[in-house]
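1. Fold the stuff below for me.
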Amino acid sequence: MTTAAATTIKARQRPGDRIFSSATVIAGSLILAVLAAVAIFLLVESLPAFVADPAAFDGDTTNFWSYVGPLVFGTIYAAILALIMAVPVAIGIALFISHFAPRKLAQGLGYLIDLLAAVPSVVFGLWGIGVLAPLVQPFYTTLVDWFGWFTPFAGPVSGTGRTIFTVAIVLAVMILPIITAICREIFLQTPLLHEEAALALGATRWEMIRMAVLPFGLPGIISASMLGLGRALGETMAVAMVLSPSREVIFQLLTSQNSTTIAANIALNFPEAHGVGVNILLATGLMLFVVTLLVNMLARAIINSRKAFSGAN
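-> Below is the predicted model:
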């Protein structure tokens, strides 16, 4: 096609096409602009925290990095625990809805899962404090008695059940609808020809899922998991309400002292912060921004490396 012909076709575009094309470009550019503005704001406001006097920090902390280190650890620790619990359950629910459940039951379960995603985080926090924590506390005692030799389950056990493991359970329930909904839609997009071919070769239902559905949906599972991980990393109210916080690196899951998260620390301390204390909290927010960005970059790299083996091609 010559340059003149291409110019003629472009000139004949309908007004609706030009409006839609311009709107998509503006929307994409706006997302990048907002992201850059947030990053610049956090970076500028964080600079005083990096050179703050040791007296500006609480406790024995002498600099910003020793202050934010335990917070980053607690954030990642709680989020990964939640992801470990949520992903297998979400995949199982998604497979049941997409390949095993009768149509009416699948629709009802789908609506129920979507409804669970709309529950406010403060409700999950109240549920964690009033229902879950007292319910699992005797179980924690048993875990410490049986597996106390293993560092994560070492005692002394919390008497209230408000531990980082309880927080991880609450976070797992919160991210479960997100992961389930995405996995369900991905599994439903599996080419029917692949499934029928596996069954025609004598595969059982589970073998067909293992050979055709799961390889096809692997990039989608990773994307859903990373989206849920992002939600868990940034969750504030539920963590602040359930957790008994401590700015220390603590590997034990069932003790009364637990590593707190960045988001919960900001929520609990921001009302009383002033001066450079505000800059310190904003700097921890910058660290959360960086952690989330790195998680998404890692997910994108994994998806791109697995694209050729997903079965979608």
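
2. So Val170 is in contact with Trp127, correct?
-> Yes - between Val170 and Trp127 there is a contact at 7.4 Å, judged by Cβ atoms under 8 Å. (Glycine included, C-beta is placed from N, CA and C.)

3. Whichever strand or helix holds Pro215 - what's its average pLDDT?
-> If you go by DSSP states H and E, Pro215 is part of helix 214-234. Computed over helix 214-234, the mean pLDDT rounds to 86.

4. Which strands or helices does the helix or strand that it is followed by pack on?
-> If you walk from helix 214-234 toward the C-terminus, the next helix or strand you reach (DSSP H and E) is helix 237-242. Counting contacts by 3 or more Cβ pairs under 8 Å, 6 or more residues apart in numbering; DSSP states H and E, helix 237-242 packs against helix 121-127, helix 164-188, helix 262-269.

5. rewinding a little: Val170 and Trp127: which has the busier surroundings?
-> A count of neighbours by other Cβ atoms under 10 Å puts Val170 above the other of Val170 and Trp127, at 27 against 17.

6. any idea how far Val89 is from the more buried one?
-> Distance, Val170 to Val89, using Cβ to Cβ, to the nearest Å: 14 Å.

7. Check Thr261 too.
-> Using Cβ to Cβ, Thr261 is found at 22 Å from Val89.

8. Comparing the two, which shows the higher neighbour count?
-> Thr261 (33 against 14).

9. and that one, what pLDDT?
-> Value for Thr261, per-residue pLDDT: 86.

10. again, but for the one 4 residues further on
-> Asn265 is assigned 85 on the pLDDT scale.

11. Could you do the one 4 residues further on as well?
-> Turning to Asn269, the model gives it a pLDDT of 83.

12. that older thread, between the helices and strands packed on helix 237-242, which gets nearest to Arg18?
-> The minimum distance between Arg18 and those falls on helix 164-188, with 31.7 Å, by Cβ to Cβ.

13. Check the offset of that closest one from the chain's centre.
-> Centroid separation for helix 164-188 versus its chain: 9 Å, with Cα atoms, centre = their mean, to the nearest Å.

14. buried stuff in it?
-> 164-184, 186-187 (16 or more other Cβ atoms under 10 Å).

15. Now do the spatially closest residue to Leu288 that is not a sequence neighbour against Leu43, distance only.
-> Sequence neighbours aside, Ile262 is the residue nearest to Leu288 in space, at 4.4 Å (criterion: Cβ to Cβ, 6 or more residues apart in numbering). Distance of Ile262 to Leu43, given as Cβ to Cβ: 16 Å.

16. Which one's more surrounded, those two?
-> Between Ile262 and Leu43, Ile262 has the larger neighbour count (other Cβ under 10 Å), namely 26 against 13.

17. From His99, how far off is Ile91?
-> Separation of Ile91 from His99 (Cβ to Cβ) stands at 12 Å.

18. what stretches of the stretch 1-150 of the chain score poorly on pLDDT?
-> Low-confidence segments of the stretch 1-150 of the chain (pLDDT under 70): 1-13, 56, 59-60.

19. Show me where the stretch 1-150 of the chain has its helices.
-> 3-11, 15-50, 64-95, 103-116, 121-127, 133-147 (DSSP state H, counting those that start in this stretch).
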